[in-house]
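Student: Next input, structure requested:
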Amino acid sequence: MASMKGERAGSEIQRELSMILLEDARDEDFKRVTITACDVSNDLSFAKVYFTTFDNREKVEKDLNNASGFFRSLLADRLVMRHIPELKFIFDESIEYGQNIERIIKEINEKNC
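Tutor: This is a model prediction of the structure:
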């Protein structure tokens, strides 16, 4: 279970990263990325940043992880934290999973009607 400090830090990182991707990123692929969640470890040294995109997700994930140092430096300027955690970007599959379940339920309902 994440601590309150970790949850608060995750929320701040999520909000600021969303703004950075929208306003400061030069890569157009990053402008179409949505940060869905940020889980920060209890010691605030590591953060898993979950995202979605409609573009090539493997390429975007690789590019985001390659630019994580750049994002950390921008976060250091914007957040009041002693240490900015290392960022690991992970594609959030929960939306696709939910859509798949919704499609299956719809098919079952159509067969029963």
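Student: now what about the host helix or strand of Glu7, what contacts it?
Tutor: Assigned by DSSP states H and E, Glu7 falls within helix 4-23. With contact meaning CB atoms under 8 Å, 6 or more residues apart in numbering, helix 4-23 is reached by 2, 30-31, 33-35, 37-42, 44, 47, 49, 71, 74-75, 78-79, 81, 85, 87. For the C-beta atoms, the positions are set from N, CA and C on the backbone; glycine is no exception.
Student: Among those residues, name the ones in strands.
Tutor: Secondary structure assignment (DSSP state E) places Val33, Thr34, Ile35, Ala37, Cys38, Asp39, Val40, Ala47, Val49, Leu87 from these within strands.
Student: what angle sits between the one helix or strand Tyr97 maps to and strand 33-40?
Tutor: Tyr97 is part of helix 94-112, with elements assigned from DSSP H and E. Relative orientation of helix 94-112 versus strand 33-40 (axes from the mean of the first three to the mean of the last three CA atoms, to 10 degrees): 110 degrees.
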